[in-house]
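S.K.: What would the 3D arrangement of this be:
(3 chains)
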Amino acid sequence: MKGKLTLIVVLSLLLTIVSATYAQTPQVLSVASTAGVTTWNPASSFSTEALYMANIYETLLMVNPPDAEEAFSPVLATDWSTSEDGLTWTFNLREGVTFHDGAPLTADAVVRSVNLAREIGGAGFIWFPLDTVEAVDDLTVQFNLSYPAPLELIVGSTYGAWIISPNALDAYEADNSYFDAGVASGTGPYMLGEYTPDAEVILMANEAYWGGWNDNQFNIVQVSIVADDVTQEQLLLGGEVDLALRLPPTSYQSLIDNPDFEVFTEATLFNYVGFINVLRPPLDNIAFRQALSYATPYQQIIDVAAEGLATQARGAVPNGVFPYSDDVPQYSYDVDMAKQLLEESGVDPSTVSLRITYAAENAIEETMAPLLKDAWEQALGIEVTIEAILFGQQWAEAKDDPANAQDVFLLLYWPTYSDAGADNLWSMFRSSDAPFFNLSYWANEEFDSLIDEAGILSGTDSDAARDLYTQAQTLMVEEAPSLFFMDVSTWYAVPTYLSGFDYNLNYPFSTFFYPMEVAQ
Amino acid sequence: MSISKLFLGKQSEKLPDNPIPPPSGERTGWQHTLYVIRRDVLAIFSVGWILLMILCALLAPVIAPYPDQGRGRNDADNRLLPPSANNVMGTDELGRDVLSRLIFGAQPAMVASLIVVSVAMLIGVPLGAIAGYYGGWVDELIMRITDLFLAFPSLLLAMAIVSIAGPSLINAVMALVVSWWPWYTRLVRSTTRSLKEEYFIEAARAIGVSDVIIISRHILPNTITPIIVQATIDIGTVILATTSLAFLGLGTQPPNADWGLMIDQGRQFLRQAWWYSLYPGVAIFLTVLAFNLLGDTLRDIFDPRQYR
Amino acid sequence: MKKLEYTLRRLFLSILVLLGMTIITFSLTRVVPSNPAALYLGTRARPEQIEAMTEKLGLNDPLPQQYIRYLGNLLSGDLGDSLATKRPVVTEIVSRLPATGELLIVALIIAIGIGIPLGVFSAQLHGKPADIFVRAFSIIGVSVPQFWLGLLLQLIFGLALEWFPLASRVDSTLRFTSPIQDITGFFIVDTLLTGNWIAFQDVAWHLILPAITLAAYPIGLIARMTRATMLEVMQQNYIRTAEAYGLSYRLIVYVYALKNAIIPTLTVIGLTFAYSLTGAFYVEIIFNWPGLGLFTARSFLNLDFPAIMGVTLFGAFGYIIINLLIDLLQAYIDPRVSLE
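M.R.: Coordinates of the predicted model:
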């Protein structure tokens, strides 16, 4: 009896030891991010939750970074074609793809997803050019446009272009709050595991992902929502997280010098502009605005406010985004020119008092504003005050009453999808009755007609469109309704034990976790 | 009682309501005050430091080594330099000399807190006297309103007001006044109520002296000493409050100098430039400490019966 | 009967005060020129969408109507939904209470544990030269700006010495290696209850710096109050009687004197608890502590009205309750307090 008992005990112990050795502990990628979730509805999503959406859902194709060989990569669509007049686009879908809930990817799912986004999406307006979208057969989708537009950029958008499971869409139609608690069903490599609002998002690997898996990838991605970049740095350096997606700009150099990290410096589609209120004298005087443009210390702003991580802007289109062109002029910091233009304008500097407003939450603008104030006061002898306002209020004030609004409005801008002609130029500088983002209140007919024409042309002949946009921008820069400060770069510090990290400026709020692996 | 001791010195013995003989020999009231202070190291320090801060506030452009930078002019080439012969406390992220910014920072600290405390007194003291003297429904009304404002955590109230009105030092001052006056009302009310029963007040009423004169000439002067003690300590507390609000971005705005604001801006450079956040904090600490110590000492002088 | 009357009166008045506060918070949040609908929809919503959402959120209705609706919701326990997280404000507050509560309680324990002995000790030193140091020490506690103290501790113990973690409540990787079971929401308690020693040590280590920062002010207050009342009590006749009877000094001080000095100290403790609510606010910001304070800061920054009103009311409510309890406690325990 005793012998048998001992045998059983020994065997069980052996078994436990053996199984423990072979048991799979999940490979966890621990991430810190500022990305909160405003909604789990992929059709209406229009904010920072894009970080998670980009890993859970997929689009028909992906817009590649500017230095890639091909402009686009096939994702849910394997190939596509367009008609001569640019009004009909046909996409062929990938075979054998299933959603997280098991439903197969069909053209019908695509059609329903696009229509839903069009209807309720925060970014629904990207589909303006679309007339109808229909399923030709199970794996073929046809888009019919009312006017030509660069549809590839639109279907690859980071907002309003996710393909959603038809089962989820059904559930949503029955109950509009279906997604709210934290439900997701896409085709992407990760599924939504757990969501604790304002605290944490856990993504679990989708074993059935069409792209396949290898052993070095991560089964679980744990994202801690940390609003403060100083804290993120503390967590990263303390080894509590593997990746910190927002680090203080001032730590750039120290992380470059740190042998445990590799630092990636990347261009982004974010830029800073400073709208000048063209309705209020003396800012209605073009020569005076040009004087301000020459009195702006561009390099100092880049060095001090952005820690050197930026390049001076040319117009309002960031470098690397359509329709950027090197032919667009830019001002330089030239105090003599500024003084000369001041004289030409006939404005008496001692009577001028300008109010610059900036977003209190934005640390870069907080540093920019005093630099601007100093430079203008010293170069032109005018009086400048700076005012920090929470962005919501800053924007509301600017929209409500242009006559009493600020003189200069500092703004961080980025296009919703990678067409800065249809977005930046149109939103920020096209004339409008009620200002939305045109916070310089500028109205120029020639500019308007140029970009309208260019917009239509961009659907069929992007080079010709680019030329027209460049003409428009040149006119804009000359009239200086705004200051064009800089295109910012971003940087990431990745520990050397991780590989596969890559940044794609077309998906500015997303980091793709699928390609990441433990380095070999 | 105590106020007369302060001003009349030995003569105060002759007043009927002074059962305790003066504690020291031949000194008059003011001499006695100075005597106590001189003997107490901490008191010397606190008075000295406060005078220094007042000096900084008044004469900042003269005292500061780089007055322009104190006001906000940048020197971007010299950012985040450690303490050296040129910059005794180093420079900040826009190259400005931290010591100069510190000296200029004394201005919002001292001026704002003085304004808050004086306006709070101006509102709270009369209200408290009226409430305590008249009693009845007037008292109830005033006390309910006071309770209402006291019930609000002052920080939340200040934050709410400043968020709505827009962040600036002036708005912060107004928000703090709103939070502060109830304390004085309460203080004065309780002292008034006990004073009301005193014989000399009843006597005055009996001969027909008007209420206003009774309150202003007889009651208020006798409530002054606890008010002064409270006010002194409050100046320190308000400095904590204004700098805390500035730290949150709700008080003094850049490019003006403020101790709390400097700590907030220095926080992101904690690793590389510890001096940026350290020295403003020391300034706040020493100043508040000085006012607290002074308040304590004054309390001892005015009423040595009460053990602190 | 008189006590009952007093209690009821105080309760009634507290309710009036609360009502007044709802009016104040409501008016404050409606005055500001900002865009709650835009916050709700995210940064880049189109004008038509914002307009539609504004209508849907009921923001175009006349103010009195909005207020009545708000009050109605309040009475049924509905504080509205946070514009930023879309969840009910009540849920946001309640889910964060344990984190802040844990911080407050540990800080208070530290404050009492250090403050009272310090007060007793300094009372005994009264008049002697060393008295100055102790006096100064307790005043230091109430003079240090809390947000700066936190940074200082981070600098010294976190960065320079690397003894303690700089921020957060718990190491995030612990979730997979030694997850903490959620029983009370208080991590210290939960880890102890489940015998999870690894997590316990981690949680305790994360608590130390923030708790000390938060405790600084109460230590000062409690020490001073204990000292003052001890001194007063020591003068009393019954103490001298005990001395005359030859009872040991220790017994006299720690049992008789302290017992009677406790009552006013309890008041101070209650007040410091209320004060610490605002202190916790700064500490949570500095240490990124996921509690109510951090949520409040975020709400103010985003101008998230329902959340702002919710936390303000909640904070004020807590304040009132604590003050009420203290007053009632005093009325019932301390016969010297008149029931005016």
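S.K.: what does the stretch 351-500 of chain A have sitting close to chain B?
M.R.: By C-beta under 8 Å from any C-beta of the partner chain, the residues of the stretch 351-500 of chain A that approach chain B are A:360, A:363, A:366-367, A:369-371, A:373-374, A:386-390, A:393. Heads up, the C-betas are built off the backbone N, CA and C, glycines and all.
S.K.: And the residue of the stretch 1-150 of chain B that's closest to chain C?
M.R.: Nearest residue of the stretch 1-150 of chain B to chain C: B:Leu148, at 4.7 Å (C-beta to the nearest C-beta).
S.K.: So which of the residues of the stretch 351-500 of chain A next to chain B wins on neighbours?
M.R.: Within those, A:Ala369 tops the neighbour count with 27 neighbours, counted by other C-beta atoms under 10 Å in any protein chain shown.
S.K.: Now do the contacts for that one.
M.R.: A:356, A:358, A:386, A:388, A:410, B:254 (C-beta atoms under 8 Å, 6 or more residues apart in numbering or on different chains).
S.K.: per-residue pLDDT, it?
M.R.: Looking at A:Ala369, its pLDDT stands at 93.
S.K.: any chance you could map the helices in the stretch 101-250 of chain B?
M.R.: Using DSSP state H, counting those that start in this stretch, the helices found in the stretch 101-250 of chain B span residues B:136-151, B:154-165, B:169-196, B:199-207, B:211-213, B:220-247.
S.K.: Looking at the ones you listed, spot the one closest to chain A.
M.R.: helix B:154-165 (7.6 Å).
S.K.: what comes into contact with the closest one?
M.R.: A:390, B:149, B:168, B:171-172, B:174-176, B:178-180, B:241, B:244-245, B:248, B:250-251, C:25, C:28-29, C:31-32, C:278, C:281, C:296, C:300, C:303, C:308, C:311-312, C:315-316.
S.K.: could you check the angle helix B:136-151 makes with that helix?
M.R.: 80 degrees (axes from the mean of the first three to the mean of the last three C-alpha atoms, to 10 degrees).
S.K.: So for helix B:154-165, mean pLDDT?
M.R.: On average, helix B:154-165 scores 74.
S.K.: ditto for stretch C:299-318
M.R.: Here the average pLDDT along stretch C:299-318 is 79.
S.K.: ok, and does it reach over to chain B?
M.R.: Yes - against chain B, stretch C:299-318 shows contacts by C-beta under 8 Å from any C-beta at C:300, C:303, C:308, C:311-312, C:315-316.
S.K.: returning to what we had before: format the helices of the stretch 101-250 of chain B as a markdown table; extra columns: mean neighbour count.
M.R.: A markdown table is the format used below for those (neighbours: other C-beta atoms under 10 Å in any protein chain shown):
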| stretch | mean neighbour count |
| --- | --- |
| helix B:136-151 | 16 |
| helix B:154-165 | 23 |
| helix B:169-196 | 22 |
| helix B:199-207 | 12 |
| helix B:211-213 | 10 |
| helix B:220-247 | 23 |
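S.K.: How about the residue of the stretch 51-200 of chain A found nearest chain C: what's its closest non-neighbour residue?
M.R.: In the stretch 51-200 of chain A, no residue comes nearer to chain C than A:Pro197, which is 4.8 Å away by C-beta to the nearest C-beta. Excluding the flanking residues, the one nearest A:Pro197 by C-beta to C-beta, 6 or more residues apart in numbering or on different chains is C:Thr85, at 4.8 Å.
S.K.: What is the burial count for the one you found?
M.R.: Neighbours of C:Thr85 (other C-beta under 10 Å): 21.
S.K.: That one is in contact with C:Ser95, isn't it?
M.R.: No - using C-beta atoms under 8 Å, C:Thr85 makes no contact with C:Ser95, being 10.4 Å away.
S.K.: correct me, but the residue of the stretch 51-200 of chain A closest to chain C touches C:Val89?
M.R.: No - in this structure A:Pro197 lies outside contact range of C:Val89 using C-beta under 8 Å: 11.8 Å.
S.K.: For these two, indicate the residue with more neighbours.
M.R.: Neighbour tally, A:Pro197 and C:Val89, criterion other C-beta under 10 Å: the higher count belongs to C:Val89, 26 against 19.
S.K.: okay, the more buried one: pLDDT?
M.R.: 88.
S.K.: Next: B:Leu8.
M.R.: For B:Leu8, pLDDT reads 43.
S.K.: Same question for the one 10 residues further on.
M.R.: B:Asn18 carries a pLDDT value of 39.
S.K.: what do you get for B:Ala273?
M.R.: For B:Ala273, pLDDT reads 86.
S.K.: need the contact list for it.
M.R.: B:80, B:82, B:90, B:92-93, B:266.
S.K.: Of those, which qualify as buried by neighbour count?
M.R.: B:80, B:90, B:92-93, B:266 (16 or more other C-beta atoms under 10 Å in any protein chain shown).
S.K.: Identify those among those residues that sit within helices.
M.R.: B:Gly266 (DSSP state H).
S.K.: If anything else comes up later, I'll come back, but that's it for now.
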